[in-house]
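Enquirer: All I have is the shape, not the residue letters:
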């Protein structure tokens, strides 16, 4: 079975590359973008099963992207994992309100844990 | 926001200077004011007393003058009698004197009489005449060889016991003679200076003075001294007993005013009279005196008045002292008030400053922590990838080094977590997530992480755990954080070979987790500092170890949120014991507990 599509939206280049490498190794098809605006561009031609969305980005932040682009409406089966290194309660709640499914602190996950998290999220039913 | 104003911490000396100093200044200022006021009041009181004294002396002076005026009137009446008649007989004189009712109306006048100036050559004839006409017992005494004599012809009221008054030659007494000659030459009433006392006064031994009024021969022209001397016929005199005369108006006085009358132009010499209370008033240490010279006929007397403070009503007397006491008490209170005010202000300012610094630190902390996580995350990913073989097969040595690097980075992330936690908990941002957890399993799990480090430090880990589960309602994430801190501290501050003990005890309502070490310990005076943020307490290993000093502060925050207690005891050189007491009867609440 073909593995799913994952969009990585992260402004920090080295992290973006790391995540891309890790998930590609798992067999997923990866696209990435460095902010919300670029993400919208990419999504014109890419149907994601999962979006890894950084919250703090220039030009358009993660929250703004969720609000304005509304990926959940546009891509009904997509799962959204928001991640950040600043884990303030308000931000997380806001993200959930705008359609995020899971939250992850970037600093938590080693490559192994990241893969597992992505895998588990994708495996969960739409009742998430 | 990164610019933090330098927090000025007051040292002891500055506190004293800035707080006690002004208080002392205020006290000194008001105390000076008080003392000045007290002195003013005392002065005023003294002035009041002085004014009263002067008034009393004036009154006394007036009384003396008035009385003497009346005595002069009496004498003038006597002179008038002699001038009006060719001859005044003894019984005429007696009747005349009787009219005056001396005893009752002029108590100062003991007697009034007439003295005749007689030439020595005429003496025998004169004596015979008086003996036959007026008084068979008349005899002039003492014997005298002077040209002129002045025997007392009449003296009324006569004292039967004192029968040598009549016939007494007044010229034989220099004082009397002086008085008479003064009267003669001036043509005016004169008085003598004080004469020896007389026993027969109701006041006891009383001095006497004689008042003379000259009588010249009828129809003589006595306008100058020469003619007066030539024409002197005799004298009317009044014998005045000073105590009798003064006593009548003294009784109106009061106990705190006394006076003395000196027969001189100064306040010394012969005393004509003094009030009964004079000695006692004069002897009192806080008396005030005032003297005034008065002229009485041709004499100068001096009235010396004295008052005691009692002359002012006692209510007013106390005024200066009350003012002094009141002022001192007020100054003291004011000083204390100022001191307290300043201290409070400093504290408030200090608190405010501390708060500002604190919140600036917190902001910095939060931001920095976040910023620091990013590169650390990068390291975690790449080293993680290498470890997991993303970069190819690894040799054992490579794996070892990568593990060290990964662990070190994890530790760093841990510290950043702690710092963020602290910053947030101060801002009230932390939310706890309580769950029913078996403490036994939980602690075993926590120890798993620390066991390798303890072993690596050459220390021994002792577990004193029960063999049954202990269910508690905790936030395992944060409680783990707290225990991690305690265990890290224990192993950090214990030497190789030391023992670290973790125990769990269950009582009916509580669970007590204890972390004990045989490390360097800390002095008791530093206990308080332990639970403050960012403090690191000086101990033997401080310089060698690293750490942000958040440890126990974080632990306390967590334990507080669990409604528990944290306790710390340490003995320098022996070790430390930290115990966390958690209540066991908490129930699952509807939602999370915020910090």
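Expert: Done, it's in. Since we're looking at a predicted model, the values are computed, not measured.

Enquirer: ok, which residues in chain A are in contact with chain B?
Expert: Applying Cβ under 8 Å from any Cβ of the partner chain, we find that chain A lies next to chain B at A:12, A:14-15, A:18-19, A:21-22, A:25, A:85-86, A:88-89, A:106-107, A:109-112, A:114. Where you see a C-beta, it was placed from the backbone N, CA and C, and this is true even at glycine.

Enquirer: From those residues, list the buried ones, please.
Expert: For the residues of chain A next to chain B, a neighbour count by 16 or more other Cβ atoms under 10 Å in any protein chain shown gives the buried set as A:12, A:15, A:18-19, A:21-22, A:85-86, A:106-107, A:109-111, A:114.

Enquirer: which one of those residues is nearest residue B:28?
Expert: Nearest to residue B:28 among these: residue A:86, at 58.5 Å, using Cβ to Cβ.

Enquirer: quick one: low-confidence ranges for chain A?
Expert: Residue ranges of chain A with pLDDT under 70: A:1-2, A:87-89, A:125-128.

Enquirer: center of it - which residue?
Expert: Note on chain A: the residue nearest the mean C-alpha position is residue A:52, at 1.2 Å, using Cα atoms, centre = their mean.

Enquirer: what sits against the nearest residue to residue B:517 once chain neighbours are set aside?
Expert: Distances taken as Cβ to Cβ, 6 or more residues apart in numbering or on different chains put residue B:490 closest to residue B:517, at 4.1 Å, once the chain neighbours are dropped. By Cβ atoms under 8 Å, 6 or more residues apart in numbering or on different chains, the residues touching residue B:490 are B:500, B:515-517, B:519, B:576, B:578.

Enquirer: looking at chain B, which helix or strand does the model trust least?
Expert: strand B:593-594 (a mean of 46; mean pLDDT, DSSP states H and E).

Enquirer: Chain B against chain A: which residues are in contact?
Expert: Contact residues (Cβ under 8 Å from any Cβ) of chain B with chain A: B:366, B:370, B:373-374, B:376-378, B:380-382, B:384-385, B:388, B:390, B:406, B:413, B:416-417, B:429, B:431.

Enquirer: Among these, the buried ones, what's the PyMOL command?
Expert: To isolate the buried members of the residues of chain B next to chain A in PyMOL, using 16+ other Cβ under 10 Å:
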select buried, chain B and resi 366+370+373+374+376+377+378+380+381+382+384+385+388+390+406+413+416+417+429
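
Enquirer: In helices, which of the residues of chain B next to chain A appear?
Expert: B:366, B:370, B:373-374, B:376-378, B:380-382, B:384-385, B:406, B:413, B:416-417 (DSSP state H).

Enquirer: Among the contacts of residue B:490, find the lowest-pLDDT one for me.
Expert: Ranked by pLDDT, the contacts of residue B:490 bottom out at residue B:519, which has 81.

Enquirer: so that one, which of the three states?
Expert: For residue B:519, the assignment made with DSSP: H, G, I helix; E, B strand; the rest coil gives coil.

Enquirer: Now do the contacts for it.
Expert: B:490, B:493-495, B:498, B:541, B:575-576.

Enquirer: coming back round to it: can you flag which of the contacts of residue B:490 belong to helices?
Expert: Among the contacts of residue B:490, DSSP H puts none in helices.

Enquirer: buried subset of those residues?
Expert: Buried residues within the contacts of residue B:490, counting neighbours by 16+ other Cβ under 10 Å: B:500, B:515-517, B:519, B:576, B:578.

Enquirer: Can you give the strand pairings for the one helix or strand residue B:236 maps to, parallel or anti for each?
Expert: With secondary structure defined by DSSP states H and E, residue B:236 is part of strand B:232-241. According to DSSP bridges, strand B:232-241 forms sheet pairs with strand B:109-116 (antiparallel), strand B:204-216 (antiparallel).

Enquirer: Where does pLDDT dip in the stretch 1-150 of chain B?
Expert: By pLDDT under 70, the weakly predicted segments of the stretch 1-150 of chain B are B:1-12, B:15-16.

Enquirer: And the strands in it?
Expert: B:109-116, B:118-119, B:148-149 (DSSP state E, counting those that start in this stretch).

Enquirer: Alright, that wraps it up for me.
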